[in-house]
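Visitor: This is the structure alone, sequence omitted:
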């Protein structure tokens, strides 16, 4: 018990409410029986651990007539909504080269870029207490208190805008039978150039019913209030949350990698990291696009029409219409056979095609290699 208390309360003084929390938590966070609200900050900067923490709390904590507030930040990452298409939302190739991971959260909404200059706020409650407008009032009032000169307002779409035009916060939520959470971003000092470089489509010609992101002009708070520090912003949010909900909760640090506190959370994080969740949950979509082909030896150019259908991120149908003299039909059929049922992933596709390319020689091998590269480039 002393070890748990020391781990969580570094630099903080426990009050009576929180001592009740510690006695009730024992060895599991799920034993929480405290009335009122509690405020936490994740010690992790791993996007999947923090998303897993949200899901764990929503699934395991009794939120009956209770609110919790979680603040967290992550290293550079792109996060898409539950019903979005990653190939339509972000530049997967640029992300791979920059070492920026992709994560799919369980809530809806649009795609966002995360880094250490982007503060994330998660408001947990039972469904009866769910109130996104009231949650956003915590944010806008905290900003007005910290910097009265900032003109911040929540919109009808439940974004927060600065000076009537720049988006500084977007919202998404998840409601289950007994619990809910509403989370939002808050751009403090994010890397704008990195944001712009990754939030653009990987693949041309996508036709899908997946939820598209709404493009907005964004800005950082530090672009308009340079002296506003991250710790000051966080303190203002904690104070305003206490005022809004009539409680007196200090900020408590949590380590979401701690299995003794959150039993099973590593399994949740592993699921969120998996290809099957991140890409396989993409709604069914099709791609129709043109491929530009070049014979490296003869410098002959031609085009091909590519049509791919995808289900659960896997190629369920593929057709390429190209001039007969470019490649023989028997080789096109072999290419389709190799790709059918494969993940729509450049590395997996390249590995699958490599043996077929090695089985050919001279002009045929060269042209098959060029066609295959054109198809793989479409995958991002």
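Guide: Alright, I've got the coordinates. Keep in mind that what you see is a predicted model, and the values were worked out from it rather than measured.
Visitor: would you list every one of the helices in the stretch 51-200 of the chain?
Guide: Ranges of helices within the stretch 51-200 of the chain are 86-89, 92-98, 132-146, 192-198, based on DSSP state H, counting those that start in this stretch.
Visitor: of all these, which lies closest to residue 267?
Guide: helix 86-89 (22.8 Å; C-beta to C-beta). No exception for glycine: its C-beta is placed from N, CA and C like everyone else's.
Visitor: which parts of that closest one are buried?
Guide: 86, 87, 88, 89 (16 or more other C-beta atoms under 10 Å).
Visitor: same question, stretch 54-68
Guide: Result for stretch 54-68 [16+ other C-beta under 10 Å]: buried residues 54, 55, 56, 57, 58, 60, 61, 63, 66, 67, 68.
Visitor: List the contacts of residue 51.
Guide: By C-beta atoms under 8 Å, 6 or more residues apart in numbering, residue 51 lies in contact with 79, 103, 105, 106, 269, 272.
Visitor: isn't the first one right up against residue 110?
Guide: No. Proximity of residue 79 to residue 110 does not meet the contact threshold set by C-beta atoms under 8 Å, at 9.6 Å.
Visitor: Looking at these two, which is more packed in?
Guide: Neighbours were counted for residue 79 and for residue 110 using other C-beta atoms under 10 Å; residue 79 has more, 28 against 19.
Visitor: per-residue pLDDT, the closest residue to the more buried one other than its chain neighbours?
Guide: Counting by C-beta to C-beta, 6 or more residues apart in numbering, residue 103 is the residue found nearest to residue 79 once chain neighbours are left out, at 4.9 Å. With respect to pLDDT, residue 103 has a value of 98.
Visitor: what about residue 103, neighbour count?
Guide: Burial of residue 103 is recorded as 20 neighbouring residues (other C-beta under 10 Å).
Visitor: In contact with it, which residues are there?
Guide: Residue 103 touches 47, 48, 51, 77, 78, 79, 80, 272, 273, 278, counting by C-beta under 8 Å, 6+ apart.
Visitor: now these in TSV, with pLDDT and distance to residue 374?
Guide: Output for these, formatted as TSV (pLDDT from 0 to 100; distance: C-beta to C-beta, whole Å):
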residue	pLDDT	distance to residue 374
47	98	32
48	98	33
51	98	35
77	98	29
78	98	25
79	98	30
80	98	26
272	98	33
273	98	30
278	98	25
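Visitor: Name the residues linked to the residue nearest the centre of the chain by a beta bridge.
Guide: Against the mean C-alpha coordinate of the chain, by C-alpha atoms, centre = their mean, the closest residue is residue 79 at 1.4 Å. Counting by DSSP bridges, residue 79 forms beta bridges with residue 103, residue 112.
Visitor: what residues are up against it?
Guide: So residue 79 contacts 47, 51, 102, 103, 104, 105, 111, 112, 113, 114 (C-beta under 8 Å, 6+ apart).
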